[in-house]
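S.K.: give me a 3D structure for the following:
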Amino acid sequence: MNLIREHWTKADISEFKKYLLKFSKGKEKSEWEQRIVNTKLSCIAVPANVVKNIIKQIAKGNFREFLQLNIPQNFTEKTINGNLICLIKDFDEMKVYLDNYLSTVDNWASVDTLKFKVNSHNAENYLSLAREYVKSPLTFVRRCGLIILFKLVSNDEYIDDIFSIMNSLNSEIEYYVNMANAWLFAECFAKQREATLKFLKTHNMNDFSINMGIQKCRDSFRISSEDKKMLLQFKRKTNGKKYTKSNSTN
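M.R.: Predicted structure coming up:
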């Protein structure tokens, strides 16, 4: 199928869906994918390298028309759409598409596979977007807000803003948001060690997030053995509180 097109029409939807199915790894792999992703979307288990190539090919043509088809989505189709949205250079236009995309996301992978193009010209916009998203009532929109911040960690100008956002989720009960916060802490420690040590002494993260964040640091090859031992003193005793593993868009 030719994926580099100047025009996409609704007549192309059926052909595209059949084309994707040619790469499916079958029912068993599809069921496995659905369990791992924890999604209500149907899954067809198309290999990641194939999906990546399909995205590249569509992006060479008029990919906005592809997005406008609003193809009834399985997990693979949603992944393709999400990554094409991230290629839109105009931030305001990209946000319109992204808001719509995230409103129906029900799993962590449809967020974590997004490849945001953050640079010196749009970093402030993305920081504002992260602040907006972490206040959303939708679990995976909040997770997306944290995932965006990974792109800003290396910038000294934004590290205190990142810490403030991490602290703001002290009362978070959703597992997938707390885990993203934990990963973000580990990323901060790896790239902004001194600032993160200072934050660690006064932070307001919930017990689960900080404990998991410290564990992620201890599992990381980027953290020295000495720091891995030192971080243990900051782990908290927990009361065994349970967190919700949502796959709902509500």
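
S.K.: give me the domain ranges for this structure.
M.R.: 1-115, 152-244 (automatic domain parsing).

S.K.: distance from the chain centre to the longest one, please.
M.R.: Which is domain 1-115. Remark: domain 1-115 is offset 15 Å from the chain centroid, using Cα atoms, centre = their mean, to the nearest Å.

S.K.: what of stretch 129-149?
M.R.: 9 Å.

S.K.: would you mark the buried spots in it?
M.R.: Neighbour-count burial for stretch 129-149, counted by 16 or more other Cβ atoms under 10 Å, picks out 129-131, 133-134, 136, 138-149. (Glycine included, C-beta is placed from N, CA and C.)

S.K.: quick one: which of the domains of the chain is nearest His121?
M.R.: domain 1-115 (8.9 Å; Cβ to Cβ).

S.K.: per-residue confidence at the residue nearest the centre of the chain?
M.R.: Nearest to the mean C-alpha position of the chain, by Cα atoms, centre = their mean, lies Asp112 at 2.7 Å. With respect to pLDDT, Asp112 scores 97.

S.K.: now the domains of the chain as a markdown table including distance to His121?
M.R.: A markdown table is the format used below for the domains of the chain (distance: least, Cβ to Cβ, whole Å):
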| stretch | distance to His121 |
| --- | --- |
| domain 1-115 | 9 |
| domain 152-244 | 13 |
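
S.K.: among the ones you listed, which comes closest to Glu124?
M.R.: With Cβ to Cβ as the measure, domain 152-244 is the member of the domains of the chain nearest Glu124 (8.8 Å).

S.K.: what mean pLDDT does the helix or strand hosting Arg143 get?
M.R.: Using DSSP states H and E, Arg143 maps to helix 139-149. Averaging the model's pLDDT scores along helix 139-149 yields 98.

S.K.: cool, and stretch 236-250?
M.R.: What stretch 236-250 shows for mean pLDDT is 67.

S.K.: so Ile162 versus Asn70, what's the distance?
M.R.: Between Ile162 and Asn70 the computed distance is 34 Å (Cβ to Cβ, to the nearest Å).

S.K.: typo on my end, Glu6
M.R.: Distance from Glu6 to Asn70, by Cβ to Cβ: 19 Å.

S.K.: more neighbours, those two?
M.R.: Legend: neighbour count by other Cβ atoms under 10 Å for Glu6 and Asn70, higher for Asn70 (10 against 7).

S.K.: which of the three states applies to that one?
M.R.: coil (DSSP: H, G, I helix; E, B strand; the rest coil).

S.K.: tell me how far it lies from Ser136.
M.R.: Counting by Cβ to Cβ, the gap from Asn70 to Ser136 is 22 Å.

S.K.: same question for Cys217.
M.R.: 28 Å.

S.K.: flag the shaky bits of this protein, pLDDT-wise.
M.R.: 239-244, 246-250 (pLDDT under 70).

S.K.: so where do the helices sit in the chain?
M.R.: Assigned by DSSP state H, the chain shows helices spanning 13-21, 27-37, 48-59, 63-68, 75-85, 91-102, 109-112, 123-133, 139-149, 159-167, 175-191, 193-200, 207-219, 225-231.

S.K.: out of those helices, which is the most enclosed?
M.R.: Of the helices of the chain, the one with the most neighbours on average (mean count of other Cβ atoms under 10 Å) is helix 139-149, at a mean of 25.

S.K.: extract the C-alpha trace of that one and format it as CSV.
M.R.: What follows is helix 139-149, C-alpha atoms only, in CSV (Å, rounded to 0.1, in the frame of the first residue of the first chain):
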residue,chain,number,x,y,z
THR,A,139,-5.8,9.6,34.5
PHE,A,140,-3.8,9.4,31.3
VAL,A,141,-4.0,13.1,30.6
ARG,A,142,-2.3,13.6,34.0
ARG,A,143,0.3,10.9,33.1
CYS,A,144,0.9,12.7,29.8
GLY,A,145,1.6,15.9,31.7
LEU,A,146,4.4,14.1,33.6
ILE,A,147,5.8,12.4,30.4
ILE,A,148,6.1,15.9,28.8
LEU,A,149,8.3,17.0,31.7
